[in-house]
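**Q** What follows is a predicted protein model with its sequence.
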Amino acid sequence: MTPALTPIVLVWLGAWTLNIALTSLDLPFSRVLTPIIFGATILLLWEMACRIFEIPPVILPPPSRIAVSFTQNTSILWTDFVQTILKGALTGWMIGATAAIVTAVAIDRSPFLQRGLLPIGNFVAALPIVGIAPILVMWFGFDWQSKAAVVVVMVFFPILVNMVAGLAATDAMQRDQMATWAAPYWQSLWKLRMPAAMPFLFNGLKITSTLALIGAIVAEFFGSPTKGMGFRISTAVGRLDLPLVWAEILVAAIAGSLFYGIVALIEKKVTFWHPSQRK
Amino acid sequence: MDRYVPVAVVLLVILMIWYLGAIGMNAQWVRDQAARADETMSALEFTKRTLTLDRPVLPAPHQVALGLWDGIAGQKITSKRSLVYHGWVTLSATLAGFAIGSLAGILLAIGIVHNRAMDQSVMPWAVASQTVPILAIAPMVIVVFASAGITGLMPKAVIAAWLSFFPVLVGMVKGLRTPDAMQLDLMRSWSASASQVFWRLRLPSSMPYLFTSLKVAVAAALVGTIVGELPAGATSGLGARLLSGSYYGQTVQIWSALFAAAALAAILVMIIGMIERTTLHRMGLAR
């Protein structure tokens, strides 16, 4: 073993022993602490590796330089965040989700459409849909509208498939009960089947929350105005400004986690009655 | 029959909407051309022209089919215009990435199931890793590898592997944990060692979960490879085909590359489905 590697291995072993000790003690806060220690160890090892082996920042910048770049470029990062995530991803996600839910309710009334559309929907959900980005950029122009359109198409099918499954989730007994109360279709949809469909719907919404970011960013590789995360990443890579690229990635990761977290939080409020939410 | 009629009808309707859409979206261009040449034409002639444009806004289905046929059968396989050639470039990187990713996923899952510390420290970060839009890092991964002197298949395979490891990890952890306390107790009463419990109980009972997640993973790997081909000036592969088509306004080329990619994804998922059926059947797990 080269002497340069020794401190890295030592730090890693130390952190690992600490984690093992923590989990075997099983303290109340160890479930929160262990992942934090694990993450911090990775950052520390990354920083150490960059310094000890003098990895040029063009290949892999150390976390400290990324942090510096992050604080220096906050205004750029904010413009890109607004352009790509708020305008492109979020608008597209909302339109796509609304369209998917409305379509699911429409399909729900027709068994024929269910049998015909669902296999196709399942199939389309597995296809590389990001590929349509160049076409939609051609149709809707370079600005955020085309990115939102890509996101709409990407999130539509996963949400649709989940929502249709959710609307079918009530059992015959429950539907019969509604019928004995002489509930009209809309009432039984609104009071019984919509709530029952919520866990499925939120599953789809959570899956698509990261898909939406990916769609919006990838679509920008096919042409974008002079702002946006995809645009910034490809130009910063061209100028070999890797710390800025990593700062953008950091923004994307934080935004993605936040987006997912918010959807999960709403899910908790809406489906508090579901077994998976019980404490 | 009950299953196929509705699907066929829906497909037919989609095809009709597509044709109508193609006529509608290409109409403006044909009308402008006609006005410039100062000619009037019948509705039939007009429709025919909208469906046979060289660079249509939306190519008609038969144009895409022709583009596909020309790309697959009309060219020599080694030609730069052949979709088989580009498809192979994409497929090889996809398979390499898929192999790496699913192997890593399985190994990590084994570690997580057997080691408490790993479960608590790795699992949250594996979940967090999926909120990083890796496809956004794709151009950077390519550049980093290129500056280290590695180009070609490997960088794309890394992106594909990153995307495919997560579904395998989650499915495999779930699968390895399916044996219930009763079964584990039975193994213990036979004084089976940890490795025996793993090979004879945990691994076999995880197979259905493994195959389900492999299907998701292979589709994800293909998406990763295609996006990996977009930036950084890749010249071959279906993703590069998409990008060059978008630069030069070759709509038919974009659509044929898209359909080739879709077909590739469908075939890969189908192959895994077939392996799944035979394996589960021979293990006596088939339903």
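**A** Yes, it's here.

**Q** Quick check: which element contains A:Ser146?
**A** Using DSSP states H and E, A:Ser146 maps to helix A:144-167.

**Q** Please disregard the earlier target; I meant B:Ala263.
**A** According to DSSP H and E, B:Ala263 maps onto helix B:251-282.

**Q** which strands and helices sit next to that helix?
**A** Other elements packing on helix B:251-282 under the criterion 3 or more Cβ pairs under 8 Å, 6 or more residues apart in numbering or on different chains; DSSP states H and E are helix A:133-140, helix B:61-72, helix B:83-114, helix B:203-229, helix B:238-247. Yep, even glycine has a C-beta here, placed from its N, CA and C like the rest.

**Q** hmm, 6 Å instead?
**A** Packing partners of helix B:251-282 (3 or more Cβ pairs under 6 Å, 6 or more residues apart in numbering or on different chains; DSSP states H and E): helix B:61-72, helix B:203-229, helix B:238-247.

**Q** Which residues of the stretch 151-287 of chain B lie near chain A?
**A** For the stretch 151-287 of chain B, the residues found near chain A under the criterion Cβ under 6 Å from any Cβ of the partner chain are B:219, B:222-223, B:226-227, B:230-231, B:242, B:246, B:254, B:258, B:261-262, B:265.

**Q** Which pair of the residues you listed spans the longest distance?
**A** Across those, the two members that end up farthest from each other (Cβ to Cβ) are B:Ala219 and B:Ser246, 22.7 Å apart.

**Q** quick one, which of these two is more surrounded?
**A** Neighbour totals were compared for B:Ala219 and B:Ser246, and B:Ala219 leads with 25 against 21 (other Cβ atoms under 10 Å in any protein chain shown).

**Q** Pull up the per-residue confidence for residue 138.
**A** Defaulting to chain A. pLDDT, the model's per-residue confidence, is 81 for A:Met138.

**Q** um, chain B though
**A** 73.

**Q** and if you look at B:Ala263?
**A** The per-residue pLDDT reported for B:Ala263 equals 86.

**Q** quick one on the thing from earlier: enumerate the positions of the helix holding B:Ala263 that are buried.
**A** By neighbour count on 16 or more other Cβ atoms under 10 Å in any protein chain shown, the buried set for helix B:251-282 is B:251-262, B:264-265, B:268-269, B:272, B:276.

**Q** for chain A, which spans come out with low pLDDT?
**A** Of all residues in chain A, those with pLDDT under 70 make up the ranges A:1-3, A:26-27, A:126, A:276-279.

**Q** Could you state which residue of it sits nearest its centroid?
**A** A:Thr210 (1.7 Å; Cα atoms, centre = their mean).

**Q** Remind me which helix or strand it belongs to.
**A** Counting by DSSP H and E, the element that carries A:Thr210 is helix A:194-219.

**Q** next one: that helix to chain centre, how far?
**A** Relative to the mean C-alpha coordinate of its chain, helix A:194-219 is positioned 8 Å out (Cα atoms, centre = their mean, to the nearest Å).

**Q** Hmm, B:Leu169 is touching B:Ile106, no?
**A** No: counting by Cβ atoms under 6 Å, B:Ile106 is not a contact partner of B:Leu169; they are 8.0 Å apart.

**Q** Report the separation between B:Arg116 and chain A.
**A** In this structure, B:Arg116 and chain A are 5 Å apart, going by Cβ to the nearest Cβ, to the nearest Å.

**Q** quick one: contacts for the nearest residue to that residue once chain neighbours are set aside?
**A** Computed as Cβ to Cβ, 6 or more residues apart in numbering or on different chains, the closest residue to B:Arg116 that is not its neighbour in sequence is A:Thr23, at 4.7 Å. Applying Cβ atoms under 6 Å, 6 or more residues apart in numbering or on different chains, we find A:Thr23 in contact with B:Arg116, B:Ala117, B:Gln120.

**Q** show me the contacts for whichever residue of the stretch 151-287 of chain B sits closest to chain A.
**A** Minimum separation of the stretch 151-287 of chain B from chain A (Cβ to the nearest Cβ) falls at B:Ser246, amounting to 3.3 Å. B:Ser246 makes contact with A:Pro134, A:Phe222 under the criterion Cβ under 6 Å, 6+ apart.

**Q** Quick one: name whatever helix or strand follows the least confident helix or strand in chain B by mean pLDDT.
**A** Of all helical and strand segments in chain B, the minimum by mean pLDDT, DSSP states H and E falls on helix B:134-147, at a mean of 70. If you walk from helix B:134-147 toward the C-terminus, the next helix or strand you reach (DSSP H and E) is helix B:153-176.

**Q** Dump that next one to CSV, restricted to CA.
**A** Extracted in CSV, the C-alpha atoms of helix B:153-176 (Å, rounded to 0.1, in the frame of the first residue of the first chain):
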residue,chain,number,x,y,z
LEU,B,153,-18.2,2.5,-24.6
MET,B,154,-17.1,2.9,-20.9
PRO,B,155,-18.3,6.4,-20.0
LYS,B,156,-21.8,5.7,-21.4
ALA,B,157,-21.8,2.4,-19.6
VAL,B,158,-21.1,4.1,-16.3
ILE,B,159,-24.1,6.3,-16.7
ALA,B,160,-26.2,3.3,-17.7
ALA,B,161,-24.9,1.5,-14.6
TRP,B,162,-25.7,4.3,-12.3
LEU,B,163,-29.3,4.4,-13.5
SER,B,164,-29.8,0.6,-13.4
PHE,B,165,-28.3,-0.1,-10.0
PHE,B,166,-31.0,1.5,-8.0
PRO,B,167,-34.1,-0.5,-9.1
VAL,B,168,-32.0,-3.8,-8.7
LEU,B,169,-30.8,-2.8,-5.2
VAL,B,170,-34.3,-2.0,-4.0
GLY,B,171,-35.9,-5.0,-5.6
MET,B,172,-33.1,-7.3,-4.3
VAL,B,173,-33.2,-6.0,-0.7
LYS,B,174,-36.9,-6.6,-0.7
GLY,B,175,-36.5,-10.0,-2.3
LEU,B,176,-33.8,-11.2,0.1
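
**Q** elements contacting that helix?
**A** Applying 3+ Cβ pairs under 6 Å, 6+ apart, we find helix B:153-176 packed against helix B:83-114, helix B:134-147, helix B:203-229.

**Q** Would you mind finding the most buried of those helices?
**A** helix B:203-229 (a mean of 24; mean count of other Cβ atoms under 10 Å in any protein chain shown).

**Q** Just the angle for that one relative to helix B:251-282, thanks.
**A** Calculated by axes from the mean of the first three to the mean of the last three Cα atoms, to 10 degrees, helix B:203-229 forms an angle of 170 degrees with helix B:251-282.

**Q** centre of the chain versus helix B:203-229, how much separation?
**A** Its chain's average C-alpha position is 9 Å from that of helix B:203-229, according to Cα atoms, centre = their mean.

**Q** From the contact counts, what lies against it?
**A** In terms of contact count using 3+ Cβ pairs under 6 Å, 6+ apart, helix B:203-229 is assigned the packing partners helix B:83-114, helix B:134-147, helix B:153-176, helix B:238-247, helix B:251-282.

**Q** ranking those helices by mean pLDDT, which is last?
**A** Comparing mean pLDDT across the helices and strands packed on helix B:203-229, the weakest is helix B:134-147, with a mean of 70.
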